[in-house]
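A.B. asks: how would this look folded up:
(chains A and B)
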Amino acid sequence: MVNFEKENTMIYFDKVSKKYNDHTIALDQVSFSVAPGEFVSIVGHSGAGKTTLVKMLLVEERPTEGAVFFESVDIHGLNKRSVTDLRRRIGIVFQDFRLLPNKTAYENIAFAMEAAGRTDAEIASDVPQVLELVDLGEKVWNFPHQLSGGERQRVAIARAIINQPDLLIADEPTGNLDPINTFEIIQILQKINDMGTTVVLTTHNKGVIDTLEKRVITMEGGKIIRDDEKGRYVL
Amino acid sequence: MFLTNTRRVIRAGFINFWRNRVISLASVLIMTVTLFVIGFVIFLGALFQGSLEQIKSKVDVNIYFTTDASEEDIFVLRDSLRELPEVASVSYTSREEALANFRERHKDDYLTIQALDELDDNPLGASVGIKAKETAQYESIAKFLEEQSALAQGKYSIIDKINYEQNKVAINKLTKILAGAEKIGFAVTVFLVLISIIITFNTIRLAIYTSRDEIAVMRLVGAGNRYIQGPFVVEGVMYGLFSAAITLILFYPITLWLGDVTDSFFGGINLFEYYVSNFTQILLIITLSGVVLGTISSILAVRKYLHV
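C.D. replies: Predicted coordinates for the structure are as follows:
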């Protein structure tokens, strides 16, 4: 059994390393843990290993060494079906939104519920509620290409939280947005965190980090160089 | 849950088919070409089969008797022929009938008729036509007749001539040409079918390739493999059904137009009549080919992007 640093742990990275083709090192002996209900920001320059870390959590990448635990389960030892189940407990938001282009905003959100096997009645009652939370207004029947960047990100967030995930991962969610939209998206993320969902946010936006005043993990060259409660952006 | 999922998958398939209509149209048209080729193979087979049978039915052996052969002797021979196991039917043409047939055949040829009229007596002998059950059996029937006439040689032979030898060469040659043409035609069409199947498969693969990012997103949102694959398979089935419908509709005017040509050229087979009378069978073959092709192509194409 693994010795957890904290009693109350949701995510635990145990000396995780990732090497590509045996020379580039994306992650180097990374260890940290995240408690339920926490809001953790991971900051660092491009190539610091933020995205690799996120991909590990989603079981898109496998560690070369070490292990990643989600609620005490080694997620890289799960079979395909369990990985699908795990992903349903994690909501994801990407920098490039990744909405389904042939589905309307409403259908994009409903799809996540359908995929999770929810009933039509649940879909009909939950989707409007979440849409209210992200404040999309009248645009629910528009296709992604008819929406602005900020609106698309709202849809993506709504999709990510529709199944009431335990963990929300936001990978550079504001990277393609202007300052006003950035501020609003971060506010939505905070609101979601206040409602009890654990949030892991990766970003290299100094303003975002400094206004948040939450835990910050700073990465450089695949290593964690700082881990501060109520951190600031120092790079 | 299974029913709900099935309903959702089918609905998503229909919606995707409509929202990607340019890609759907391209796939349907390409698949139509494939189904067209498959239909073409069916028709070609029917034409070859038809003309082969036509030629085979034309094959017979005629025994021409001398003019002074008595009807009794001819009947004795005819009856002994009937008893041969290889013989399917024996027909008798009397001297008078032969003359009437001759006059009928040459009714526009004034000179010939006049020459015939000059003669005191009917110059034509009676004849017996024999049809064998199988083309290959004519040989043994001919042999039997030769023995008969050799036996009769002692007194006097009633047989003037047997036309088997002349017919044999022509029949063999025709059969060979037809069999050769069928082989070449078959090889060419198998080749065409293969090529068009590969092109269809590739088109569907390209159509799904444009959705590869979507598939990745669906996976990340937590959709199961079957749930992701389902709508694509429904789309594949729809490509098949639409293409089959277009193909079957197009065959109607085409066979109608080709019907008379094939009738006179290949003899006996009218493509249009063949199409109409075998419609259910052709419909099943074409539709099934389309649906199977669409389904398999979709499954294979999506599978590529489903690996975790």
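
A.B. asks: tell me the contacts of residue 85?
C.D. replies: If you meant another chain, say so; for now it's chain A. Shown in contact with A:D85 (Cβ atoms under 8 Å, 6 or more residues apart in numbering or on different chains): B:G222. To be clear about C-beta, it is placed using only N, CA and C from the backbone, and glycine gets the same treatment.

A.B. asks: One more: A:K19?
C.D. replies: Each residue near A:K19 by Cβ under 8 Å, 6+ apart is listed here: A:25-26, A:64.

A.B. asks: Can you check my assumption that it lies in a helix?
C.D. replies: No - remark: A:K19 does not belong to a helix; assigned using DSSP: H, G, I helix; E, B strand; the rest coil, it is strand.

A.B. asks: who's it bridged to?
C.D. replies: Note on A:K19: beta-bridge partners by DSSP bridges are A:I25.

A.B. asks: Residue ranges of each domain in chain B, please.
C.D. replies: Following automatic domain parsing, one gets these domains for chain B: B:2-56+B:173-306, B:67-157.

A.B. asks: least reliable of the ones you listed going by mean pLDDT?
C.D. replies: Comparing mean pLDDT across the domains of chain B, the weakest is domain B:67-157, with a mean of 78.

A.B. asks: hmm, back to that, would you show me how to pick out the buried ones of the contacts of A:K19 in PyMOL?
C.D. replies: In PyMOL, a selection of the buried entries from these looks like this (16 or more other Cβ atoms under 10 Å in any protein chain shown):
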select buried, chain A and resi 25+26
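
A.B. asks: want to throw the contacts of A:K19 into JSON lines with distance to A:A158 and pLDDT?
C.D. replies: Converted to JSON lines, the contacts of A:K19 look like this (distance: Cβ to Cβ, whole Å; pLDDT from 0 to 100):
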{"residue": "A:I25", "distance to A:A158": "37", "pLDDT": "88"}
{"residue": "A:A26", "distance to A:A158": "31", "pLDDT": "89"}
{"residue": "A:T64", "distance to A:A158": "35", "pLDDT": "92"}
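
A.B. asks: Show me which of the contacts of A:K19 is closest to chain B.
C.D. replies: A:T64 (17.6 Å; Cβ to the nearest Cβ).

A.B. asks: Now the closest one: phi and psi?
C.D. replies: Dihedral pair for A:T64: phi -70, psi -40, per degrees, to the nearest 10.

A.B. asks: In chain A, which residue is most central in space?
C.D. replies: A:I169 (0.8 Å; Cα atoms, centre = their mean).

A.B. asks: scratch that, chain B
C.D. replies: Closest to where the C-alpha atoms of chain B average out (Cα atoms, centre = their mean) is B:A46, at 0.9 Å.

A.B. asks: buried sites along stretch A:163-181?
C.D. replies: Neighbour-count burial for stretch A:163-181 [16+ other Cβ under 10 Å]: A:163, A:165-177, A:181.

A.B. asks: Got phi/psi on the residue nearest to the residue nearest to the centre of chain B when sequence neighbours are not counted?
C.D. replies: Leaving aside its chain neighbours, B:A46 sits nearest to B:Y274 (5.3 Å; criterion: Cβ to Cβ, 6 or more residues apart in numbering or on different chains). Taking degrees, to the nearest 10, you get phi -60, psi -50 for the backbone angles of B:Y274.

A.B. asks: Tally up the residues packed near B:Y274, please.
C.D. replies: B:Y274 has 19 neighbouring residues, counting by other Cβ atoms under 10 Å in any protein chain shown.

A.B. asks: What separation is there between it and chain A?
C.D. replies: Per Cβ to the nearest Cβ, to the nearest Å, B:Y274 is found 43 Å from chain A.

A.B. asks: Repeat that for B:Y227.
C.D. replies: With Cβ to the nearest Cβ as the criterion, B:Y227 and chain A are 6 Å apart.

A.B. asks: tell me which element that residue falls in.
C.D. replies: Element membership for B:Y227, per DSSP states H and E: helix B:225-262.

A.B. asks: Same question for A:H45.
C.D. replies: Here A:H45, judged by DSSP H and E, is contained in no helix and no strand.

A.B. asks: how about the helices of chain A, start to end?
C.D. replies: With DSSP state H as the criterion, chain A has helices at A:50-57, A:80-88, A:105-115, A:120-134, A:149-161, A:179-194, A:206-212.

A.B. asks: before we move on, the earlier item: find the one among the domains of chain B with the highest mean neighbour count.
C.D. replies: Among these, domain B:2-56+B:173-306 has the highest mean neighbour count (mean count of other Cβ atoms under 10 Å in any protein chain shown), at a mean of 18.

A.B. asks: And it, end to end?
C.D. replies: Terminal residues of domain B:2-56+B:173-306 lie 21 Å apart, using Cα to Cα, to the nearest Å.

A.B. asks: What residues does residue 235 make contact with?
C.D. replies: Looking at chain A here, since you left the chain open. Listed by Cβ under 8 Å, 6+ apart, the contact set of A:L235 reads A:43-45, A:218, A:220.

A.B. asks: My question was about chain B, not that one.
C.D. replies: Counting by Cβ under 8 Å, 6+ apart, B:E235 touches B:13, B:16-17, B:24, B:294, B:298.

A.B. asks: Those residues: which ones sit near chain A?
C.D. replies: By Cβ under 8 Å from any Cβ of the partner chain, the members of the contacts of B:E235 lying near chain A are B:N16.

A.B. asks: Which single one of the contacts of B:E235 is nearest to chain A?
C.D. replies: B:N16 (6.1 Å).

A.B. asks: Spit out the contact partners of the nearest residue to A:Q164 once chain neighbours are set aside.
C.D. replies: Residue nearest to A:Q164 in three dimensions, not counting chain neighbours: A:T197, with 7.7 Å by Cβ to Cβ, 6+ apart. With contacts defined as Cβ under 8 Å, 6+ apart, A:T197 is in contact with A:37, A:91, A:161, A:164-168.

A.B. asks: Now, these that are in strands?
C.D. replies: Cross-referencing those against strands under DSSP state E gives A:91, A:167-168.

A.B. asks: Of the helices of chain A, which is nearest B:D79?
C.D. replies: With Cβ to Cβ as the criterion, B:D79 lies closest to helix A:80-88 of the helices of chain A, at 81.6 Å.

A.B. asks: and the direction of that closest one versus that of helix A:105-115, what angle?
C.D. replies: 140 degrees (axes from the mean of the first three to the mean of the last three Cα atoms, to 10 degrees).

A.B. asks: list the buried ones in helix A:80-88?
C.D. replies: Within helix A:80-88, the residues scored as buried using 16+ other Cβ under 10 Å are A:83-84, A:86-88.

A.B. asks: From those, pick the one nearest B:S196.
C.D. replies: Here the nearest of the buried residues of helix A:80-88 to B:S196, counting by Cβ to Cβ, is A:T84; it sits at 37.2 Å.

A.B. asks: Flag every residue of chain B that's near chain A.
C.D. replies: So far as Cβ under 8 Å from any Cβ goes, chain B lies against chain A at B:1, B:4-5, B:8, B:15-16, B:19-20, B:213-214, B:216-225, B:227, B:308.

A.B. asks: Throw the buried residues of helix A:80-88 into CSV and include distance to A:G137 and pLDDT, thanks.
C.D. replies: Below are the buried residues of helix A:80-88 laid out as CSV (distance: Cβ to Cβ, whole Å; pLDDT from 0 to 100):
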residue, distance to A:G137, pLDDT
A:V83, 36, 88
A:T84, 33, 84
A:L86, 33, 89
A:R87, 29, 86
A:R88, 28, 83
